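Engineer: Show me how the following folds:
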Amino acid sequence: MNSMFTGLVEATGRIARAQPTARGRQLRIDTPLGAELGAGESIAVSGVCLTVTTSDAGGFSADVSPETLRVTSLGSRPVNGIVNLERPLRADSRLGGHFVLGHVDAVGRIATLRSDGDCFWLEVDVPATLAPLMISKGSVAVDGISLTVVALLPAGIAVQIVPFTWSHTSLQEARPGDAVNLEADVIGKYVARLMEERQPVENLR
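Structural biologist: Alright, predicted model coming up:
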């Protein structure tokens, strides 16, 4: 069964170790949240759904498969880098963000990051394959953070970051050029797939 998240970052952690393995890469992430995790549980790490292998009061470890390394930014995250953490949505919880599956669609790059009063403007370059799923005032997960698309740009999207999100996520250390994990709204993906399936039928009429 797939886990589901909300894009509301619960805590942050630091990559303490990133060790290559025959299965890809093993991450050790230091975070107080480790005391509340158990082996086999799912956790979103900067938007990527991973399985906890071991945990203790100081953090947890998780294996990252070769495919996940290929399609996300976890392969390039440096030791001591900050990551966003969120445990799966419980059935009796409020949905404060939007439905996030932890299945990264593409890796984007931060184009600009500038302050605007107490807030920040973040512009992210989005791969052309993902651009059709970006809509103005729609939802997008950037490194696991549920954000609203404020504007569509020729090469990507613009979102505004409020002070709380800035100070409680990895964005506080973000810089232009950094890679970020992007996940489009799952409802939009299903609609796009349905339209693809219907198109050949429409063409025959």
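
Engineer: contacts and neighbour counts: CA atoms only from here.
Structural biologist: Will do.

Engineer: Break the chain into its domains for me.
Structural biologist: Listed domain ranges for the chain are 11-86, 106-189 (source: automatic domain parsing).

Engineer: Make JSON lines out of the ones you listed and add distance to E197, mean neighbour count and mean pLDDT.
Structural biologist: Output for these, formatted as JSON lines (distance: least, CA to CA, whole Å; neighbours: other CA atoms under 10 Å; pLDDT from 0 to 100):
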{"stretch": "domain 11-86", "distance to E197": "25", "mean neighbour count": "19", "mean pLDDT": "95"}
{"stretch": "domain 106-189", "distance to E197": "13", "mean neighbour count": "18", "mean pLDDT": "96"}
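
Engineer: what are the ranges of the helices in this protein?
Structural biologist: 66-71, 163-168, 186-204 (DSSP state H).

Engineer: before we move on, back to that, minimum distance to G97: which of the domains of the chain has it?
Structural biologist: Nearest to G97, of all the domains of the chain, is domain 106-189, at 5.7 Å by CA to CA.

Engineer: picking that back up, for R87, find the nearest of the helices of the chain.
Structural biologist: Between the helices of the chain, helix 163-168 lies closest to R87; by CA to CA that is 15.4 Å.

Engineer: what sits against the spatially closest residue to V48 that is not a sequence neighbour?
Structural biologist: Among residues not flanking V48 along the chain, G102 sits closest, at 4.6 Å (CA to CA, 6 or more residues apart in numbering). G102 is in contact with 3-5, 44, 47-49, 144, 183, counting by CA atoms under 8 Å, 6 or more residues apart in numbering.
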